[in-house]
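[1] quick one, fold the following:
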Amino acid sequence: MLSKSVLITGGYGYLGRRIAREFLEKSDIPVQLWIKAKDRSEFKAKGQELCHELCETGGRLRLHAGDLLSEEPFAEIDSAEISTILHTAAVTRFNVDRETAQRVNVEGTEKLLRFAESCPNLNQVVFLSTIYASGLQAGEITEQLWDGEEGFSNYYEWSKWSSEQLLSKQYSHLPSKILRVATVIADSTEGQVFQQNAFHNTLKLIYYGLLSILPGKPQTPLYFVTGDFVTKATYELMHTPEQGTIYHVSHTKNESLTLSELIDLIFEVFEQQEDFKKRRILKPLYSDNESFKLLVDAVHQFAGGVVHQAVSSVAPFSQQLYLSKDVQNSNLRSVLQTYNAPDPAELIKNTCRYLVQTRWGKND
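    Sure, this is the predicted structure:
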């Protein structure tokens with residue numbers, strides 16, 4: 001099915017470059033990476049880094065620059081050369097504001113889909129989304145399109161849901177797949193972390209005793225995956241003939257930890273460190289949703305510095321920590337030749353050890 005070139009947007013991002021490497025190492029397909037760059041100087045710097053990392057894999061890599069905020073961000077790409085598109089470019093911060101989420105994630109996706117319409121040899125468009133595009137929906141989370149009626153915890157979730165709606169309704173004539181990814185916390189089960197996010201920042205705040213109150217219910221299931229798992233699954237899913245299908249690139253509830261199990265494991269690792277033990281830091285107390293909202297409001301009005309940072313790090317995602325989501329992945333399992341969920345406890349412990357040993361990447 002794959003011929004000509006595969007175009008990957010967000011090529012400088014964590015998943016974009018990993019999936020590009022997978023194509024370069026496992027296929028003979030030319031790869032065109034689209035990189036966000038505001039000018040030629042930024043493009044040159046990012047391009048040199050990517051070439052250093054990827055160009056030894058056969059010389060089939062081409063780079064393009066653009067900005068999703070521009071009118072035609074993909075104008076320099078020859079549409080006749082593209083047979084497959086993987087759209088990973090997006091603002092992924094949980095605290096992204098609505099205007100940025102709308103302009104970059106939603107309108108940027110529509111610009112990509114308009115470009116896809118102009119590709120005469122297009123076989124498929126693959127859109128990278130998140131399992132949290134389900135918003136505040138609890139219970140069974142199926143691999144289907146959702147209505148969004150329960151609302152969303154933040155504008156990142158909302159923008160991914162909106163983009164899914166756009167692709168599935170206004171651009172339903174395009175051959176497409178949606179891949180909803182869980183939270184990536186490490187490169188592999190060995191725990192090495194290349195890119196940090198709100199999860200790692202929250203662990204840092206706990207380690208230094210700056211987060212004494214935690215929103216959520218102890219029994220809430222949490223969905224963590226590795227970069228290796230997402231990369232291999234995405235590559236394999238892009239080689240399946242089915243179109244119009246949604247896949248959850250995630251493990252199931254029975255293969256995941258609860259919030260209380262996560263906190264127990266974190267402290268099990270942290271308490272092996274003498275400096276942590278000396279500070280006698282206690283596990284954070286669970287707060288109900290209303291009380292945590294009051295705390296967030298108060299902190300935003302009166303507090304500053306580390307307290308503000310601590311609360312702001314968790315607040316945009318806090319509502320999800322009260323919801324019991326039962327993520328389904330039968331579509332994923334039906335396609336992957338091998339599906340192995342890693343031991344979630346080992347993944348968490350190895351990730352915590354790496355973060356502590358490197359002081360959150362400073363000593364790596």
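
[2] got phi/psi on K160?
    Main-chain torsions, K160, degrees, to the nearest 10: phi -70, psi -40.

[3] what residues are up against the residue lying closest to it once chain neighbours are set aside?
    Nearest residue to K160, sequence neighbours excluded (C-beta to C-beta, 6 or more residues apart in numbering): A133, at 4.2 Å. Using the backbone N, CA and C atoms, a C-beta is placed for each residue, glycine as well. By C-beta atoms under 8 Å, 6 or more residues apart in numbering, the residues touching A133 are W146, E157, K160, W161, E164, R180.

[4] format those as a markdown table; extra columns: secondary structure and distance to K111.
    Shown next, in a markdown table, are the contacts of A133 (DSSP: H, G, I helix; E, B strand; the rest coil; distance: C-beta to C-beta, whole Å):
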| residue | secondary structure | distance to K111 |
| --- | --- | --- |
| W146 | coil | 24 |
| E157 | helix | 21 |
| K160 | helix | 16 |
| W161 | helix | 18 |
| E164 | helix | 16 |
| R180 | strand | 22 |
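
[5] for ChimeraX, what selects the buried ones among those residues?
    Burial among the contacts of A133 is assessed by 16 or more other C-beta atoms under 10 Å; the matching ChimeraX selection reads:
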select :146,157,160,161,164,180
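
[6] export the contacts of A133 as JSON lines, with columns for pLDDT and distance to L265.
    What follows is those, written out as JSON lines (pLDDT from 0 to 100; distance: C-beta to C-beta, whole Å):
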{"residue": "W146", "pLDDT": "95", "distance to L265": "31"}
{"residue": "E157", "pLDDT": "97", "distance to L265": "26"}
{"residue": "K160", "pLDDT": "98", "distance to L265": "28"}
{"residue": "W161", "pLDDT": "98", "distance to L265": "31"}
{"residue": "E164", "pLDDT": "98", "distance to L265": "33"}
{"residue": "R180", "pLDDT": "98", "distance to L265": "25"}
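
[7] from the contacts of A133, which is closest to V96?
    Nearest to V96 among these: E157, at 10.0 Å, using C-beta to C-beta.

[8] just give the nearest non-adjacent residue to that closest one, would you?
    Y132 (4.8 Å).

[9] and what of V193?
    Closest residue to V193 apart from its sequence neighbours, by C-beta to C-beta, 6+ apart: A186 at 5.4 Å.

[10] okay, the one you found: pLDDT?
    A186 carries a pLDDT value of 97.

[11] just to revisit the earlier point, what is the neighbour count of the residue nearest to E157?
    By other C-beta atoms under 10 Å, 27 other residues sit near Y132.

[12] following the helix or strand of the chain with the lowest mean pLDDT, which helix or strand shows up next?
    Least confident element among the helices and strands of the chain, by mean pLDDT, DSSP states H and E: helix 305-314 (a mean of 70). Moving toward the C-terminus from helix 305-314, the next helix or strand (DSSP states H and E) is strand 325-327.

[13] give the buried residues for the next helix or strand after that following strand.
    Moving toward the C-terminus from strand 325-327, the first helix or strand encountered (DSSP H and E) is helix 330-335. By neighbour count on 16+ other C-beta under 10 Å, the buried set for helix 330-335 is N331, L332, V335.

[14] other SSEs contacting helix 330-335?
    Applying 3 or more C-beta pairs under 8 Å, 6 or more residues apart in numbering; DSSP states H and E, one finds that helix 330-335 contacts helix 227-237, strand 245-249.

[15] list the helices and strands the first one packs on?
    With contacts defined as 3+ C-beta pairs under 8 Å, 6+ apart, the secondary structure elements packing on helix 227-237 are helix 14-26, strand 124-130, strand 176-181, strand 183-186, strand 245-249, helix 330-335.

[16] E71: which of those is closest?
    Nearest of those to E71, taken as C-beta to C-beta: strand 124-130 at 20.3 Å.

[17] for whatever helix or strand comes next after that closest one, enumerate the helices and strands it packs against.
    Sequence order places strand 139-141 as the next helix or strand after strand 124-130, per DSSP H and E. For strand 139-141, the elements it packs on are strand 325-327, judged by 3+ C-beta pairs under 8 Å, 6+ apart.

[18] can you list the strands that the strand it packs on pairs with?
    Strands flanking strand 325-327 in the sheet, each with its direction: strand 139-141 (parallel) (DSSP bridges).
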